[in-house]
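> Predicted model follows, preceded by the sequence.
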Amino acid sequence: MISDPVQYMAIALFISFIVLIFTGYPVAWLMGGLAVAFTAISVFSDTYLDTFFGVDWGYSSIVVARIYAVMNNWVLVALPMFVFMGIMMDKSGIAEDLMTDLTKLFGRVRGGLAITVVLIGVLLAASTGIIGAAVVLLAVLGVPLMLKHQYDSALACGVVCATGTLGILIPPSIMLVLMADQIRVSVGDLFMGAVFPGLMLGLLYALFILIYAWLRPSVAPAPKDAEPVSFKLVLNVLKSTIPPAGLIIAVLGSIFMGIATPTEASGVGALGAMLLALARRRLSFSGLQDVLQNTMRTTSYIFALFVGATAFSLVLRGFGGDELIEAALMSLPFGPYGVVAIILLVTFLLGFVLDWIEITLIILPLIAPVLANMGIDLVWFAVLFAVCLQTSFITPPVGFALFYMKGVAPKGIDTITIYKGIIPFMIIQLIGVAIIFFFPLIVTWLPKVAYG
């Protein structure tokens, strides 16, 4: 129920944003441009139509101070450092060695190659945190190998797409850093809260693969020429696993034990990834230059969205958009947890047309205060929100991970095959959301034990 006619401007602003997304124009400039355009409309209406909508150039100029506050935020320094860490780990070639050794270790297990992809995906998620890079790397390394051993192509594509998206959930995740800043909670709390949900999803993927391969042996047969497990093989696996695992422990352990802030730990991660690449003789001047350029592009994209989203949110609030959203949520007859379920559903649908960054920067700051007033634990909700966004990455027909997969898929794998392969994992994701929804301790237990 709209209590103030001015709020029609807020609705018009949001609808304009959703419609104009389909033009393909960069979202950052789209949000900033709409903020300027609707401010101009408000000023024109006040000047010539004697109707004032509450927003003028003086009000909109506040965006300068808000953007400065964003750029001056110490927490957000962690973003480029974690991005650098992820790209450098990708360049170091650790994933290739892990794929080789783990494939030999699990070679005798039916579905073992797919489980290897899951294990490597979890390690990549905890070291890269970049979905596009993780999906492409797993697809290039894992899909041809699984097809060579007569795995079902749909299963091979599905496990790569699903596992590749774990990077936005398993810490250190740049999405969790962004969420913590937007809803004003501790990054360490969010990192701790996301550990068990991320590992749970990886475990659910592995269980599905084992059960599916047992019920239908033809979809994931055990290689006939598998190398027998030996002490030397186990030792090689440990040698491949210890460096990335050690780096992850150094980063997350320093945060969880209170030795370093997330920002300081991100510096440790960036330096550690560079030293690993150097030790493996995979670091050259041109390679470092490439990593720095890719880090700059990714960081610039994120911070450009910060600028656009800050302007957009300010004007939306000027038109009473936050009061409108609060009134709409409070009027729902479902109680606090019913409201959370509705928000998750809307977030899931928005994930079809918006990137997680836009959703995080626009939606999360508007709904978080309302949920806090309802008594909802924001750490629990943020992790739920993250899992929901992760699910939208693999949901046909427009999940971004599916497009990444299609871009590097071997010849003969069409879009329908990828869609068929991802459906079981999409169901697993929704089961994961339900488990976290009904059992909040999966998220809240570790932060409470660590920090009291």
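In hand now; what should we look at?
> what number of residues lie near Leu238?
Neighbour count of Leu238, defined by other CB atoms under 10 Å: 11. Glycine gets a C-beta too; all of them are placed from N, C-alpha and C.
> Leu235 now?
11.
> which residues touch Asn294?
By CB atoms under 8 Å, 6 or more residues apart in numbering, the contact set of Asn294 is Ile87.
> Identify all contacting residues around the helix or strand that Val43 is a member of.
Per DSSP states H and E, Val43 falls inside helix 27-48. With CB under 8 Å, 6+ apart as the contact definition, helix 27-48 has outside contacts at 9, 12-13, 16-17, 20-21, 23, 51-57, 59-60, 63, 301, 304-305, 307-309, 311-312, 314-315, 319, 354-355, 358, 362.
> show me where the protein has strands.
Counting by DSSP state E, the chain forms no strands at all.
> what about it, any weak spots by pLDDT?
1-5, 50-52, 107, 128-130, 132-133, 225-227, 229, 352-355, 397-398, 451-452 (pLDDT under 70).
> Just the buried residues of the helix holding Val43, please?
Neighbour-count burial for helix 27-48 flags 27-28, 30-35, 38-39, 42-43 (criterion: 16 or more other CB atoms under 10 Å).
> Same question for stretch 220-236.
Neighbour counts over stretch 220-236 (16+ other CB under 10 Å) mark 220-223, 226, 236 as buried.
> could you dump these to CSV with distance to Ile170?
Shown next, in CSV, are the buried residues of stretch 220-236 (distance: CB to CB, whole Å):
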residue, distance to Ile170
Ala220, 24
Pro221, 30
Ala222, 28
Pro223, 29
Ala226, 29
Asn236, 25
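> So which of the residues you listed are in helices?
Asn236 (DSSP state H).
> and the nearest residue to Gly111 once chain neighbours are set aside, how far is that from Thr241?
Residue nearest to Gly111 in three dimensions, not counting chain neighbours: Ala213, with 3.3 Å by CB to CB, 6 or more residues apart in numbering. Here the criterion is CB to CB, to the nearest Å. By it, Ala213 lies 23 Å from Thr241.
> for Leu201, same thing?
Distance, Leu201 to Thr241, by CB to CB: 20 Å.
> Between these two, which is the more surrounded one?
Leu201 (30 against 18).
> For the more buried one, list the residues it contacts.
By CB under 8 Å, 6+ apart, the contact set of Leu201 is 166, 169, 387, 428-429, 432.
> what's the most distant pair in those?
Largest separation among the contacts of Leu201 by CB to CB: Leu169 and Ile428, giving 13.5 Å.
> Of the two, which one has the most company?
The neighbour count for Leu169 versus Ile428, taken as other CB under 10 Å, is higher for Leu169 (24 against 19).
> Find the nearest non-adjacent residue to that one, please.
Counting by CB to CB, 6+ apart, Leu169 lies nearest to Gly198, which is 4.6 Å off, once chain neighbours are set aside.
> now swap in Ala78 and tell me
Ala78 sits nearest to Ser266 (CB to CB, 6+ apart), 3.9 Å away.
> Check the burial of that neighbour by counting its neighbours.
Other residues near Ser266 come to 27 when the count uses other CB under 10 Å.
> That one is in contact with Val83, isn't it?
No: when contacts are counted by CB atoms under 8 Å, Ser266 is not listed as touching Val83 (9.2 Å).
> thinking again about what came up before, list only buried entries from the contacts of helix 27-48.
Buried members of the contacts of helix 27-48, counted by 16+ other CB under 10 Å: 9, 13, 17, 21, 53-56, 59-60, 63, 304-305, 307-309, 311-312, 314-315, 319, 354-355, 358, 362.
> quick revisit: taking the contacts of helix 27-48 one by one, which sit in helices?
Within the contacts of helix 27-48, residues falling in helices by DSSP H are 9, 12-13, 16-17, 20-21, 57, 59-60, 63, 301, 304-305, 307-309, 311-312, 314-315, 358, 362.
> nearest residue to the residue nearest to the spatial centre of the chain other than its sequence neighbours?
Per CA atoms, centre = their mean, the C-alpha nearest to the average position across the chain is that of Ile168, at 2.6 Å. In space, and not counting its chain neighbours, Ile168 is closest to Met175: 4.5 Å by CB to CB, 6+ apart.
> any idea how far the one you found is from Phe385?
According to CB to CB, Met175 and Phe385 sit 9 Å apart.
> between those two, who's got more neighbours?
Counted by other CB under 10 Å, Met175 and Phe385 do not tie: Phe385 has more neighbours, with 26 against 23.
> Contacts only, for the closest residue in space to that one that isn't next to it in sequence.
Distances taken as CB to CB, 6+ apart place Thr347 nearest to Phe385, at 6.3 Å, with adjacent residues excluded. By CB under 8 Å, 6+ apart, the contact set of Thr347 is 359, 363, 385, 388-389, 392.
> Specify which member of those residues is nearest to Ala260.
Nearest to Ala260 among these: Phe385, at 25.9 Å, using CB to CB.
> The closest one reaches Leu344, doesn't it?
Yes: using CB under 8 Å, Phe385 is in contact with Leu344, at 7.2 Å.
> which residues touch the residue nearest to the centre of the chain?
Contacts for Ile168 (CB under 8 Å, 6+ apart) come out as 129, 131, 174-175, 356, 386, 389-390, 393.
> got a list of contacts for stretch 88-102?
116, 119-120, 123-124, 127-128, 130, 133, 137-138, 141-142, 145, 233, 236-237, 239-241, 243-244, 247, 270, 273-274, 276-277, 280, 282-283, 287, 290-291.
> Okay, and which of the residues you listed map to helices?
Using DSSP H to define helices, the subset of the contacts of stretch 88-102 located there is 116, 119-120, 123-124, 133, 137-138, 141-142, 145, 233, 236-237, 239-241, 243-244, 247, 270, 273-274, 276-277, 287, 290-291.
> So how do I select the buried members of those residues in ChimeraX?
The buried subset of the ones in helices among the contacts of stretch 88-102, as determined by 16+ other CB under 10 Å, is captured in ChimeraX by this line:
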select :116,119,120,123,124,133,137,138,141,142,145,236,237,240,241,243,244,247,270,273,274,276,277,291
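> hang on, the earlier thing: surely the residue nearest to Gly111 and Ile115 touch.
No: between Ala213 and Ile115 there is no contact under CB under 8 Å: 9.1 Å.
> List the residues that contact Ile442.
The contact partners of Ile442, taken as CB under 8 Å, 6+ apart, are 196-197, 200, 435-436.
> Can you add neighbour count and distance to Met405 and give these back as TSV?
Shown next, in TSV, are those (neighbours: other CB atoms under 10 Å; distance: CB to CB, whole Å):
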residue	neighbour count	distance to Met405
Phe196	18	27
Pro197	22	23
Met200	16	23
Ile435	15	26
Ile436	23	25
